[in-house]
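> Model the following, please.
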Amino acid sequence: MTGTPGPVSAGIDLNSDLGESFGHWVLGDDEAMLDLVTSANVACGFHAGDPSTLRRTTAQAACRGVAVGAQVGYPDLLGFGRRFVDVEPAALADDVVYQLGALDGMCRVAGAAVRYVKPHGALYNTVVHHEVQARAVVAAVRDYDPALAVLGLPGSALLRAAEDAGLRAVPEFFVDRGYTPEATLVPRSERGALLHDAAAVTERVLRMVTDGVVRAIDGSDVRMSAESMCVHGDSPGAVEMATAVRTALVDAGVPLRSFVAA
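From the prediction side, this is the model:
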C-alpha cells in the first residue's frame with residue numbers, strides 16, 4: 001500500500017473530524033477547528049453527534065466556506081464507532097444512505113451540501129481491506145449522489161471500489177497518527193498510534209508534502225501521496241496541532257484549499 005508522491009503546487013486540503021458532541025457532552029472545539037481546516041468530516045449521528053450539534057456544525061462550516069463531508073460509521077454510539085460490526089452489505093449500504101440523507105438535510109437548511117464521504121473509526125479501518133464492506137459503502141454513495149467524492153486511505157479497498165464505480169477517490173494522510181511499514185494506521189490500542197508533539201508532526205507533514213515519504217513506526221520510510229491531510233479534532237491539543245500544521249504549510253508556500261468546492 002504505497003504511492004508515488006504527487007505535486008502539491010495546486011494546494012492541499014486540511015480536514016478534521018467534527019460535530020462529534022452529544023447533548024451536554026462536548027468533544028473538541030469545533031468552532032476553532034473550523035477556522036483552521038478547509039474540509040470538515042461531520043458526524044452523522046450513528047457514532048456521535050446529535051441533531052442540534054450537526055445542524056450547528058454544518059451552519060458554522062457553511063459560514064466559513066469550509067466544505068462539508070459526511071463521516072459515516074457503524075451504529076455504535078456507546079463505542080464511538082470504534083468497534084467492528086459484522087453487518088450485511090445491504091444493511092451497511094442502507095445505513096450509509098440514511099446518514100448521508102440526515103447530514104445533507106442539515107446542510108440544506110444552512111445553504112450548503114454534503115460534498116464527500118469519509119468512513120469513521122472501525123468502518124474506516126475495516127474498508128482498508130474488507131472488499132465487501134468497501135463495495136457496500138461505495139454503492140451507497142453512488143446511489144445517493146455519484147458526484148460525491150470518497151476520502152480514504154491510499155491503496156485501500158475503499159478507494160479502489162470508488163474508482164471502479166466511477167467516483168472520485170481521494171487519498172488522505174493523517175498528520176497525528178502513526179503508520180505501519182505497510183502504510184496503514186497503527187491501531188489505537190498500540191503504542192505510537194497517536195502523535196502529540198506539534199513540532200515533530202509539522203516536520204513529518206512537510207516531509208510528506210515535499211518528498212512523498214512518511215516515517216513508519218519501525219523507523220522505515222514509506223512512500224505516500226495524498227490530496228488531503230487529517231488532523232483529529234478530538235485529540236488533546238488538537239487546535240494547537242492544527243494551527244502548527246496550517247502555519248507550517250502556509251510558510252512553506254503550500255496553498256490550503258479543499259479538494260472539493262465548499
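
> in stretch 228-247, what's buried?
228-235, 238-239, 241-246 (16 or more other Cβ atoms under 10 Å). No exception for glycine: its C-beta is placed from N, CA and C like everyone else's.

> Among those residues, name the ones in helices.
The members of the buried residues of stretch 228-247 that map onto helices under DSSP state H are 238, 239, 241, 242, 243, 244, 245, 246.

> and the gap between the last one and residue 215?
Between residue 246 and residue 215 the computed distance is 21 Å (Cβ to Cβ, to the nearest Å).

> do the third one as well
For residue 241, the distance to residue 215 (Cβ to Cβ) stands at 17 Å.

> And the second one, by the same measure?
If you measure residue 239 against residue 215 using Cβ to Cβ, the figure is 25 Å.

> list the contacts for residue 136?
Contact analysis of residue 136 by Cβ atoms under 8 Å, 6 or more residues apart in numbering lists 89, 90, 92, 93, 96.

> Mind jotting down where the helices sit in the protein?
Under DSSP H, the chain gives helices at 30-34, 51-64, 89-109, 121-129, 131-144, 157-164, 198-211, 238-251.

> Turn these into TSV, columns for mean pLDDT and distance to residue 23.
Shown next, in TSV, are those (pLDDT from 0 to 100; distance: least, Cβ to Cβ, whole Å):
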stretch	mean pLDDT	distance to residue 23
helix 30-34	96	15
helix 51-64	97	8
helix 89-109	98	17
helix 121-129	97	20
helix 131-144	98	27
helix 157-164	98	31
helix 198-211	93	31
helix 238-251	94	21
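
> Out of these, flag the one nearest residue 183.
Across these, residue 183 has its closest neighbour in helix 121-129 (9.8 Å, Cβ to Cβ).

> What count of nearby residues applies to the closest residue to residue 179 other than its chain neighbours?
Of all residues not flanking residue 179 in the chain, residue 216 sits nearest, at 4.9 Å (Cβ to Cβ, 6 or more residues apart in numbering). By other Cβ atoms under 10 Å, 19 other residues sit near residue 216.

> my read: residue 216 touches residue 184, true?
No: between residue 216 and residue 184 no contact is recorded; they are 9.7 Å apart, counting by Cβ atoms under 8 Å.
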